[in-house]
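Asks: Any chance you can model this:
(2 chains)
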Amino acid sequence: MERVMTLMARGAIGGVAEGEALVCPKGIGAFGGLDPATGVILEYDNVNRGETIKGKILIMPGSKGSNGWSCIFNVARVAGAAPLGWVFSHIDSSAAVAAVLLRIPTVVDFPDDQDPCSLIQTGDWVRVDGETGVVEVYRPAEADGSD
Amino acid sequence: MLRLSDYEKGVLDGKEGRLQQVCLENIVRYAEVLGADELCEVTKATLFCGAHNYLSVCASDDFDEVFSRVNLASDEIVPFDRTYADCHVQSCVSPCDGQEFEAFGQTADFFAKNAHYLERSREAGVTIAGSCAPYLTGWLLARGEHFVTTESSVTLMGNSLWGAMGNADGIEAAFWSAICGRTPAWGLHLEENRAGTHVVEVQAEMRTALDWDILGRAVGVSLPSGSSPVVSGRFVSVTFEKLRQLCTSLAVSSNCRMLHVVGYTPEARSVDDALRGTRPAGTLVIDRSALEEGYDSVCAPGSGPVDFVSLGCPHYDIDQIKRVAYYLEGKKIHPDVHFMIWTVYPIKAMADLNGYTRVIEEAGGHIYTGSCPVTMGEVFLDSYAGFVFDSLKQAGAARSATAHPVYLGGVQSCIDAAVAGRWEEGLRWRG
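Replies: Below you'll find the model as predicted:
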């Protein structure tokens, strides 16, 4: 693994988390589209349908869909199926409530030319520092430069 | 840096009690994550009360424990026993009908538990309405009024149709605000954030409520996160019902919380008016093929047997029920089909008064209140093998919950399918 990029944005909830990235470039319509007991994405038109958010670093543009968005992640927290940390291209109200409830490292509000949803790939190893707003992205050395 | 009033500082010091204190502490954290400068007073709220399925993760039936752990995110038990005195608080849907439970595969114990959860909320100051359409029961917003709601279509309608001010906070934050009377003055609570961001030119002919329902998805999936579209076109016969479907499907297809429809929403007398002197970040054209793509992404292809037909998302008003009754007069629902209309209790009482309920029940249908199929969830849906809805929101959520075919159609198409016990491909796009 080697560090292939470092992104810098606003740290919203402190702490450091690292893990495998799950990138949802269109977000997740969580209410009715995410099983909070397992963290598995059920949303019928989600590119990551069938994948789990549990133990991942979740990369999303923001929230999506029903106002019940935060509660599904909140219940996933209670069930032990929450992500380890998350990154939002731009904070919004639902995402902010969810961040308050989950209290996991959260980095938000990236510059327009550094959209994490297009720069980070599912499967990347990502380190999120919610204090400094630094997001480090790692890939296997042989994959470096392949994209 | 968040500025607080003397009253708010007093609440944080515990002068209004522990519940208010915990809720305002959460609102302050929420405001800090957003980067808000101050809070604003909330005078209308709808809350997601009841023994909702997602609460079962707590493995407890104790209302106070479940409420504290989930809605307050607190291990400390803080009883929910009051709401903010100056806030009009109504309940959104719960997982139960007002009277029946066996028809939905639910147990008497679960029905009683839900009734207990609702009663505890009522005692705390929440008027039990049980509706995703609180405006049907007098929860009406003024321009500039600050609100919170657990129903995403109401967020969009409140901002867009009535010029009120609200964000999509979510279930927990709506409780916090309804209890302490404050929400972060951020996003759509601030005048400067209400300009349109993208222009949407609708070239497709828009005739039916179904067309407007599909338009919401077509726009929602095409715009970047955080957009507020300015929708323009040569529209005719625009009604509240059509705009309501647009708001409902747009809300579940995106994180858009405000839109403008040029000529029809109050902050959009023209495109320039809606943009408020800003340059649009982009322009989107919606033609007939974009609508067809949106429809095909939700509605199953072809024809097939159906045993579940549901109307009323959002909850029907009395005129929508009247139209169903008129169309059903003299018809019989297929014996294998559970045909239902969802509304709120006072509207059901009006349907009783006007004889619409009798016509619908004599045809073999039902009018239910206080919930909806997707809110009831798998306990209800798993007993059926072919679904028809007149709402993209319900159809989409059902598609996420079942592998069986889900069809989407106009009201009369849905009723025709209920009578035949079968969805025919020719019903697609019909009103």
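Asks: Strands of the stretch 101-250 of chain B, start to end?
Replies: Per DSSP state E, counting those that start in this stretch, the stretch 101-250 of chain B carries strands over the ranges B:147-148, B:182-184, B:198-202, B:229-233.
Asks: Walk me through which strands the second one pairs with, and which way each runs.
Replies: Read that as strand B:182-184. strand B:39-41 (antiparallel) (DSSP bridges).
Asks: confidence score at A:Asp45?
Replies: Looking at A:Asp45, its pLDDT stands at 88.
Asks: Now do the contacts for residue 131.
Replies: Picked chain A for this. A:Glu131 sits next to A:Gly11, A:Gly14, A:Gly15, A:Val16 when contact means Cβ atoms under 8 Å, 6 or more residues apart in numbering or on different chains. C-betas here are computed from N, CA, C, even on glycine.
Asks: The chain in question should be chain B.
Replies: B:Gln90, B:Ser91, B:Cys92, B:Val93, B:Thr137, B:His315, B:Thr343, B:Val344, B:Gly370.
Asks: and the fourth one, what element?
Replies: Meaning B:Val93. Secondary structure from DSSP states H and E places B:Val93 outside every helix and strand.
Asks: B:Ile27 - how many residues pack around it?
Replies: B:Ile27 has 29 neighbours, counted by other Cβ atoms under 10 Å in any protein chain shown.
Asks: thinking again about what came up before, can you redo the contacts of A:Glu131 as TSV with secondary structure?
Replies: Output for the contacts of A:Glu131, formatted as TSV (DSSP: H, G, I helix; E, B strand; the rest coil):
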residue	secondary structure
A:Gly11	strand
A:Gly14	coil
A:Gly15	coil
A:Val16	strand
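Asks: which one of these has the most neighbours?
Replies: Compared across the contacts of A:Glu131, A:Gly11 has the highest neighbour count, 20 neighbours, by other Cβ under 10 Å.
Asks: Now that that residue has come up, it's in contact with A:Asp109, right?
Replies: No. Applying Cβ atoms under 8 Å as the test, A:Gly11 and A:Asp109 come out as separate, 9.8 Å apart.
Asks: Quick one: residues contacting the nearest residue to A:Thr106 once chain neighbours are set aside.
Replies: Nearest non-adjacent residue to A:Thr106, counting by Cβ to Cβ, 6 or more residues apart in numbering or on different chains: A:Ile13, 3.9 Å away. Contact analysis of A:Ile13 by Cβ under 8 Å, 6+ apart lists A:Ala99, A:Val100, A:Leu102, A:Arg103, A:Ile104, A:Pro105, A:Thr106, A:Gly130, B:Val33.
Asks: redo that, cut-off 10 Å
Replies: When contacts are counted by Cβ atoms under 10 Å, 6 or more residues apart in numbering or on different chains, A:Ile13 touches A:85-86, A:96, A:99-100, A:102-108, A:128, A:130-131, B:29, B:32-33.
Asks: Now the spatially most central residue of chain A. Its backbone dihedrals?
Replies: Geometric centre of chain A, nearest residue: A:Leu58, 1.9 Å, by Cα atoms, centre = their mean. A:Leu58 adopts backbone torsions of phi -90, psi 130, taken as degrees, to the nearest 10.
Asks: Can you tell me how far it is from B:Leu34?
Replies: Per Cβ to Cβ, to the nearest Å, A:Leu58 is found 19 Å from B:Leu34.
Asks: same deal with B:His146?
Replies: Going from B:His146 to B:Leu34 by Cβ to Cβ gives 15 Å.
Asks: For chain A, give me the ranges with low pLDDT.
Replies: A:143-147 (pLDDT under 70).
Asks: where along it do the strands fall?
Replies: Along chain A, the segments classed as strands by DSSP state E run A:2-8, A:10-13, A:16-23, A:34-35, A:40-41, A:57-60, A:85-88, A:106-108, A:125-129, A:134-139.
Asks: what lines up beside the second one in the sheet?
Replies: Okay, so that is strand A:10-13. Assessed with DSSP bridges, strand A:10-13 is paired to strand A:106-108 (antiparallel).
Asks: same question, the fourth one
Replies: According to DSSP bridges, the neighbouring strands of strand A:34-35, each with its direction, are strand A:40-41 (antiparallel).
Asks: roughly how far is the strand it pairs with from the heart of the chain?
Replies: 13 Å (Cα atoms, centre = their mean, to the nearest Å).
Asks: so how far is chain A from B:Val200?
Replies: Distance, B:Val200 to chain A, by Cβ to the nearest Cβ, to the nearest Å: 18 Å.
Asks: One more: B:Asp62?
Replies: Counting by Cβ to the nearest Cβ, the gap from B:Asp62 to chain A is 14 Å.
Asks: For that residue, which residues are in contact?
Replies: B:Ser68, B:Arg69, B:Ile77.
Asks: Buried ones among the residues you listed?
Replies: B:Ser68, B:Arg69 (16 or more other Cβ atoms under 10 Å in any protein chain shown).
Asks: contacting residues around B:Leu4?
Replies: B:Gly10, B:Val11, B:Leu12, B:Leu24, B:Val28, B:Ala31, B:Glu38, B:Leu39, B:Arg182 are the contacts of B:Leu4 under Cβ under 10 Å, 6+ apart.
Asks: What strand or helix carries it?
Replies: Going by DSSP H and E, B:Leu4 is not in any helix or strand.
Asks: Mind giving me the PyMOL command for buried ones among the contacts of B:Leu4?
Replies: Here is the PyMOL selection string for the buried members of these, based on 16+ other Cβ under 10 Å:
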select buried, chain B and resi 11+12+24+28+31+38+39+182
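Asks: Of the contacts of B:Leu4, just say which sits nearest to chain A.
Replies: Using Cβ to the nearest Cβ, B:Ala31 comes nearest to chain A of these, at 8.5 Å.
Asks: The closest one should be in a helix, yeah?
Replies: Yes. Looking at B:Ala31 with three-state DSSP, it is inside a helix.
Asks: distance of the residue lying closest to it once chain neighbours are set aside from B:Asp169?
Replies: Among residues not flanking B:Ala31 along the chain, B:Pro184 sits closest, at 3.8 Å (Cβ to Cβ, 6+ apart). Using Cβ to Cβ, we find B:Pro184 at a distance of 9 Å from B:Asp169.
Asks: Residues in contact with both of the two, list them for me.
Replies: With Cβ under 10 Å, 6+ apart as the test, B:Pro184 and B:Asp169 both reach A:Ser93, A:Ala96, A:Val97, B:Ile27, B:Tyr30, B:Ser177.
Asks: Which of these sits closest to B:Thr239?
Replies: A:Ser93 (29.1 Å; Cβ to Cβ).
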